[in-house]
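Student: take this sequence and fold it.
(one chain, ligands or ions: 2)
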Amino acid sequence: MADFHSELKPLPAPSERGDGCKVYIETYGCQMNVYDTQAIGGLLERDGFVSARDFFEADVVLLNTCSVRELAEHKIISRVGEIRRQRRNADLPAVTIGICGCMAERLGPELRKGANRVDLVVGVDSYDKLPGMLLELETRNGTRRHRVATGHRSDAHYVAPPESYPVNNSHLVTIHKGCDYKCTYCIVPYTRGPQSEKSPDDIMAEIRMLVDAGGEEVTLLGQNVTAYNWRGGLDFAALLEQVATIEGLRRIRFLTGHPRDMHPHTMDAIGALEKVCPWLHLPIQAGSNRILKRMKRLYKREEYLQMVRYARRVIPDVTFSTDIIVGFPGETEEDFQATLEVIREVKYDQIFSFKYSERPGVPAAKLADDVPLEVKKRRLAEVIALQEEIWSGMARELVGKTFRGIVEGPARHQDGFWRVRTANNRKFVVDGSDHAPWILRGIIFLVLLVGLVYFFVANAGQVVDINFFGKQFLEVSIYWVVVVCFAIGFAASFLLAAMREFRFRRTISGLKKTLAAKDREIHDLRTMPLRKDEPGRGKSGDDKPLEGKAEGGA
Ligand code: SAM
Ligand code: SF4
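Tutor: Ligands and ions are numbered 1, 2, ... in the order given. Reported below is the predicted structural model:
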């Protein structure tokens, strides 16, 4: 049987005319990966590669991957087989497939073995090598050279081009990469390497660039943005203060904050800076101090709760979301109840909950994964049910209140409706069909009509003198005066309505264009498993957003 790899045809050359080698990128996991995908797209486009709409029309398919849970990795391996199968069924030639991101970093050359082996493996700090690697695949006596590029570099900071930024109206900007904590369950410090900051100057320049391109909102991204520290001199609170000075920028969000680094002065800054959105995503992971210690989370439940109380005092309208892992090694029923207690006490808007998944090589892998799968599933279901109950109570309290928000795009399931997000990250669906002004105009029209008829009947036969500077200008029947006034009023009201309608449609068509561009450039946001409906925040490594997704959302 023919080996798929030997069937590969040479890649078309990149071209400045836009008809060169077509690349399709599929993104899995967190917002960091979404940003990286945009950066990869930018690097490839700069070198004459073109983005493909789907893997059918692509010459190269790249999967930007996540390693946080085992299932995420299995899904990627089967996705490679599925892409090849679907292309074969469509009578298309074999395609070059590459794996980028955390899986590439973790598994490296392993991904070049087995039935679903890939042609290219590119880790998180090697994206700048990607265009060259693709070009080189052609050379050397016509033999394809399968390539692997991994390993960490502290200088590998990428900048995505501004036109491909918006995700739910927000422009992603990574402020640092990697992580220096070693939570015992987590693979990220190994796949993403040590924490390394983008310089404040580079961050400011990147945000100014996207504001110049029309952006109004940024989401500052990192595994632990609250741990941002530029050469010991500028911390996260100071960075927020700097970013808030950028003219034209209206909203600043950030993901993810580590509770240990959410200092009172950082919360003071968030509360004081009008542009910084009052929404804190602070993963607690577990409510029992015993488990937090085994996870090496470096805070206690009491400290976390104290931080939440402080934030509520100093940040007006603040809302919270969190991540929770159930079934960590050694988690007893009592430990789990402690997690439910925290959920009851904090009242999160949203919870992303996951069954513990053992990752090779991390410290927790030395502990027995002793919570049976059935128990993990039951605990996950309990977290979801409790969160749903809490959120529906919170949502009921919001009924009848008025909120200010930004329209982010058409609602997914209701025609004529729009998705709106408030500063504190609550999402609403509103009727965008603009009925009210027409009803109001109808009422005004009726009142005018009744007044007009009454006026005619009451003043029949009268004549009006119109004088300018003491001279008679016109002598007309009262009928004409009324008709002309009425016509002017009606024309003005119509003009106003038309302008309003035009503005509304322009906003909406602008939004549609943004969404269409986003679809083209990020390739496949619909299949990308973001963690929030978006608020696609999907901040941290995440393969399967619906797994145990317990969220509140209006
Ligand atoms: N830096 C963030 C923090 O400190 O909380 C989290 C980043 S992590 C990539 C995203 C989320 O994935 C974590 O908050 C955790 O809930 C979940 N996660 C990480 N490792 C996991 C594992 N081995 N099993 C299950 N969930 C895991
Ligand atoms: Fe770092 Fe967050 Fe992973 Fe802990 S959970 S090691 S803080 S990325």
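
Student: hey, C-alpha coordinates of the helix or strand residue 439 falls within in PDB?
Tutor: In this structure, residue 439 is located in helix 435-458 according to DSSP states H and E. Coordinates of each C-alpha in helix 435-458 appear next as PDB, following Å, rounded to 0.1, in the frame of the first residue of the first chain:
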ATOM      1  CA  HIS A 435     -38.300  48.600  16.100                       C
ATOM      2  CA  ALA A 436     -38.700  51.300  18.800                       C
ATOM      3  CA  PRO A 437     -37.900  54.400  16.700                       C
ATOM      4  CA  TRP A 438     -40.400  53.300  14.100                       C
ATOM      5  CA  ILE A 439     -43.100  52.900  16.700                       C
ATOM      6  CA  LEU A 440     -42.200  56.300  18.200                       C
ATOM      7  CA  ARG A 441     -42.300  57.900  14.700                       C
ATOM      8  CA  GLY A 442     -45.700  56.400  14.000                       C
ATOM      9  CA  ILE A 443     -47.100  57.900  17.300                       C
ATOM     10  CA  ILE A 444     -45.600  61.300  16.500                       C
ATOM     11  CA  PHE A 445     -47.100  61.100  13.000                       C
ATOM     12  CA  LEU A 446     -50.600  60.300  14.400                       C
ATOM     13  CA  VAL A 447     -50.500  63.100  16.900                       C
ATOM     14  CA  LEU A 448     -49.500  65.600  14.200                       C
ATOM     15  CA  LEU A 449     -52.200  64.300  11.900                       C
ATOM     16  CA  VAL A 450     -54.900  64.700  14.600                       C
ATOM     17  CA  GLY A 451     -53.600  68.200  15.400                       C
ATOM     18  CA  LEU A 452     -53.600  69.200  11.800                       C
ATOM     19  CA  VAL A 453     -57.200  68.100  11.200                       C
ATOM     20  CA  TYR A 454     -58.300  70.000  14.300                       C
ATOM     21  CA  PHE A 455     -56.400  73.100  13.200                       C
ATOM     22  CA  PHE A 456     -58.000  73.000   9.700                       C
ATOM     23  CA  VAL A 457     -61.500  72.700  11.200                       C
ATOM     24  CA  ALA A 458     -60.900  75.500  13.800                       C
END
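
Student: residue numbering should commence at 32 henceforth.
Tutor: Yes, from this point I'll number from 32; that puts the last item at helix 466-489.

Student: residues touching it, excluding its own?
Tutor: 509-510, 513, 517, 520-521, 524, 528, 531 (CB atoms under 8 Å, 6 or more residues apart in numbering). Backbone N, C-alpha and C define where each C-beta goes, glycine included.

Student: and if we set it to 7 Å?
Tutor: For helix 466-489, the surrounding residues in contact (CB atoms under 7 Å, 6 or more residues apart in numbering) are 510, 513, 517, 520, 524, 528, 531.

Student: one more: stretch 203-215?
Tutor: Stretch 203-215 has contacts (CB under 7 Å, 6+ apart) with 62-63, 65-66, 188, 196, 219-220, 223-229, 234, 237-238, 249-256, 259, 270, 289, 325-328, 393-395.

Student: show me where the protein has helices.
Tutor: According to DSSP state H, the chain carries its helices in the segments 62-77, 101-120, 133-138, 161-167, 219-222, 231-243, 267-274, 295-303, 320-326, 332-345, 364-377, 404-429, 466-489, 509-552.

Student: any quick PyMOL command for the buried ones out of the contacts of stretch 203-215?
Tutor: In PyMOL, a selection of the buried entries from these looks like this (16 or more other CB atoms under 10 Å):
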select buried, resi 62+63+65+66+188+196+219+220+223+224+226+227+228+229+234+237+238+249+250+251+252+253+254+255+256+259+270+289+325+326+328+393+395
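
Student: the contacts of stretch 203-215 also near ligand 1: which ones?
Tutor: The subset of the contacts of stretch 203-215 within reach of ligand 1, by CB under 6 Å from any ligand atom, is 219, 254-255, 289.

Student: ok, and which of those reach ligand 2?
Tutor: Counting by CB under 6 Å from any ligand atom, 219, 254-255, 289 from these sit close to ligand 2.

Student: ok, which pair from these is furthest apart?
Tutor: Spanning the widest gap among these are 219 and 289, at 11.8 Å by CB to CB.

Student: poorly predicted segments of the stretch 432-581 of the chain, please.
Tutor: Low-confidence segments of the stretch 432-581 of the chain, defined by pLDDT under 70: 463-469, 487-488, 490-492, 495-497, 499, 503-505, 531-581.

Student: ligand 1 contacts on the protein?
Tutor: Contacts of the chain with ligand 1, taken as CB under 6 Å from any ligand atom, map to 99-100, 216-217, 219, 254-255, 287, 289, 314, 316, 354, 356, 385, 387-388, 390, 571-572.

Student: among those, which lie within strands?
Tutor: 354, 356, 385 (DSSP state E).

Student: distance of the residue nearest to the first one when sequence neighbours are not counted from residue 262?
Tutor: Distances taken as CB to CB, 6 or more residues apart in numbering put residue 314 closest to residue 354, at 3.6 Å, once the chain neighbours are dropped. The span separating residue 314 from residue 262 equals 27 Å under the rule CB to CB, to the nearest Å.

Student: cool, residue 458 as well?
Tutor: 38 Å.

Student: whatever residue of the stretch 82-231 of the chain ends up closest to ligand 1: neighbour count?
Tutor: Going by CB to the nearest ligand atom, ligand 1 is nearest to residue 216 of the stretch 82-231 of the chain, at 4.1 Å. For residue 216, the count of nearby residues is 24 (other CB atoms under 10 Å).

Student: got the contact list for it?
Tutor: Residue 216 makes contact with 326, 356, 359, 387, 390, 393, 395, according to CB under 7 Å, 6+ apart.

Student: cutoff 10 Å now
Tutor: Taking CB atoms under 10 Å, 6 or more residues apart in numbering as the criterion, residue 216 is in contact with 99-100, 316, 325-328, 356, 359-360, 385, 387-390, 393-396, 398.

Student: and residue 394, by the same measure?
Tutor: 213-217, 325-327.

Student: make CSV from those and add distance to ligand 2 to it.
Tutor: Shown next, in CSV, are those (distance: CB to the nearest ligand atom, whole Å):
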residue, distance to ligand 2
213, 6
214, 3
215, 9
216, 7
217, 3
325, 13
326, 8
327, 8
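
Student: and the residue nearest to residue 354, what pLDDT?
Tutor: Among the per-residue scores, residue 314 holds a pLDDT of 97.

Student: interface residues of the chain facing ligand 2?
Tutor: 210, 212-214, 217, 219-220, 254-255, 289.

Student: try 5 Å
Tutor: Taking CB under 5 Å from any ligand atom as the measure of proximity, the chain contacts ligand 2 at 210, 212, 214, 217, 219, 254.

Student: now do the phi/psi pair for the second one.
Tutor: In this entry, residue 212 is assigned phi and psi values of phi -80, psi 160 (degrees, to the nearest 10).

Student: just the third one next, same as before
Tutor: According to degrees, to the nearest 10, the main-chain angles of residue 214 amount to phi -60, psi 140.

Student: report how many residues lie close to it.
Tutor: By other CB under 10 Å, 21 other residues sit near residue 214.
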